[in-house]
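[1] next comes the sequence, and after it the predicted model I'd like to discuss.
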Amino acid sequence: MKNLMKAFQYAFPKTIPVMAGYIFLGIAYGLLMQDAGFGIVWTAVCSLFVYSGTAQFLGVSLLSVGAPLLQTALLTFILSFRHFFYGFSMISRYPEKGWMKGYLIHSLSDETYALIVGSNPPDYVDQKNYYFAVSFLDQMYWVIGSVAGASVGSLITIDLTGIDFAMTALFAVLVVEQWKSRKCHTPALIGAGVSILMLLILGPEQFLIPTLLIVTLLLIAFRKHISLQEDGGADNHA
Amino acid sequence: MHSILIIAVMALVNLSLRALPFLLFRKENKTPKIILYLGKALPPAMMSFLIVYCVRSVDFSSGNHGLPELISIAAAMLIHSWKRNTLLSISISTVLYMVLIQTNLF
């Protein structure tokens, strides 16, 4: 228990950018759900069990038109396909079994993934507890935000448009961190180059899956030329 | 009733995608080298991808040409290269972005 507390104390400041983004986006989502006729309980169930911003926003329109299940499955698959790639970086990090492993897999969002692969907690913090703390806090921000949106969201009068940029900024910061901590920049350049190219060619609706597949194939093709050595801070996961 | 099924399908598809790598490769010592390699090589590539993913719906050819996004992302990266303080980089660039889009500067 004491170890878990330490992990939460260490993890909390790291999750503040996610808190800003998730609570605001969550409120926006809750407002949409309420407008579509789905109140607090529906919103909370989605945020607890689906737990994916993009999929849930799409879900509002699917729910309001009562979309066919096959179409629902296919659209969710396309939007969430990127999550399939996150697991590969977690196999050697996550516990081998137990309830914590199950929860960590369920709660692996973009931002949680970024905070887990982008940080090296000090020795006094247990790695697995840190992963749990980040995952749990992030999901709570999302649940709290969306329930707030579905209940009292319409009372908010300050213009917070654009605060969800905090999450884009978090990824920008993590690109810099990864860039500085690694000697070989080929993976980052492949990721950026292919994403931009595919977005320009295929557009925002279709670029996702081809991008991820091409990035993976290129990383495999160039594996002889890619060094995974890290500069600053030893890699604790080896 | 149909609404419950829609949510269940979405939850199931999401969980399957997140769990599949773990089901395919149960233990580290049995995991093929290429997968462990991908586990380490993918994160930097994914971070760049996620930035592009965040701005995917921005119209770069008309309107403000995505200038608020591009300027704020550049600001976040520059401030971070300079000070390496995560909260500082994120809060300054986010406030900058909010000002840029709320004032319709471009």
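    Right, received. Where do you want to start?
[2] which helix or which strand is home to residue 71?
    Defaulting to chain A. Residue A:71 is part of helix A:69-86 when elements are defined by DSSP states H and E.
[3] think we crossed wires, I meant chain B
    helix B:67-83.
[4] ok so, going back, output the contacting helices and strands for the helix holding residue A:71.
    helix A:53-65, helix A:208-221, helix B:2-24, helix B:33-54 (3 or more CB pairs under 8 Å, 6 or more residues apart in numbering or on different chains; DSSP states H and E). Backbone N, C-alpha and C define where each C-beta goes, glycine included.
[5] quick one, what contacts the residue nearest to residue B:64 when sequence neighbours are not counted?
    Leaving aside its sequence neighbours, residue B:64 sits nearest to residue B:106 (CB to CB, 6 or more residues apart in numbering or on different chains; 3.7 Å). When contacts are counted by CB atoms under 8 Å, 6 or more residues apart in numbering or on different chains, residue B:106 touches B:64-65, B:67-68, B:100.
[6] by pLDDT, give me the weakest of these.
    In terms of pLDDT, residue B:64 ranks lowest among the contacts of residue B:106, with 87.
[7] which helix or which strand is home to it?
    Counting by DSSP H and E, no helix or strand carries residue B:64.
[8] give the contact list for the residue lying closest to residue B:52 once chain neighbours are set aside.
    Nearest residue to residue B:52, sequence neighbours excluded (CB to CB, 6+ apart): residue A:195, at 3.8 Å. By CB under 8 Å, 6+ apart, the contact list for residue A:195 reads A:207, A:211, A:215, B:48-49, B:52-53.
[9] so, low pLDDT: which residues of chain A?
    Counting by pLDDT under 70, chain A contains low-confidence residues at A:1, A:230-238.
[10] can you map out the strands along it?
    In chain A, no strands are found when defined by DSSP state E.
[11] number of nearby residues for residue A:103?
    By other CB atoms under 10 Å in any protein chain shown, the residues close to residue A:103 number 15.
[12] and the longest helix anywhere in chain A, how far from the chain's centre?
    Criterion DSSP state H: the longest helix present in chain A is helix A:2-35. A distance of 12 Å separates the centroid of the chain from that of helix A:2-35, by CA atoms, centre = their mean, to the nearest Å.
[13] and the angle from it to helix A:53-65?
    30 degrees (axes from the mean of the first three to the mean of the last three CA atoms, to 10 degrees).
[14] report the buried residues of helix A:2-35.
    For helix A:2-35, the neighbour count (16 or more other CB atoms under 10 Å in any protein chain shown) marks A:6-8, A:10-11, A:14-34 as buried.
[15] what packs against that helix?
    Right, helix A:2-35 is packed against helix A:40-49, helix A:53-65, helix A:110-117, helix A:127-152, helix A:165-181, helix B:86-102 by 3+ CB pairs under 8 Å, 6+ apart.
[16] out of the ones you listed, which is closest to residue A:79?
    Checking these against residue A:79 by CB to CB gives helix A:53-65 as the closest, at 4.8 Å.
[17] any bit of that closest one sitting next to chain B?
    Yes: using CB under 8 Å from any CB of the partner chain as the criterion, contacts between helix A:53-65 and chain B involve A:55-56, A:59, A:62-63.
[18] okay, now the unreliable bits of chain B?
    Along chain B, segments meeting pLDDT under 70 span B:27-29.
[19] can you pull up the most central residue in it?
    Taking CA atoms, centre = their mean, the centroid of chain B lies closest to residue B:50, which sits 3.0 Å from it.
[20] surely it is in contact with residue A:110?
    Yes: under the criterion of CB atoms under 8 Å, residue B:50 makes contact with residue A:110 at 5.9 Å.
[21] on that earlier part again, for the residue nearest to residue B:64, give its distance to residue B:58.
    12 Å (CB to CB, to the nearest Å).
[22] with residue A:227 instead?
    With CB to CB as the criterion, residue A:227 and residue B:58 are 34 Å apart.
[23] what about these two, which has more around it?
    Neighbour comparison, residue A:227 and residue B:58: the larger count goes to residue B:58, with 16 against 11 (by other CB under 10 Å).
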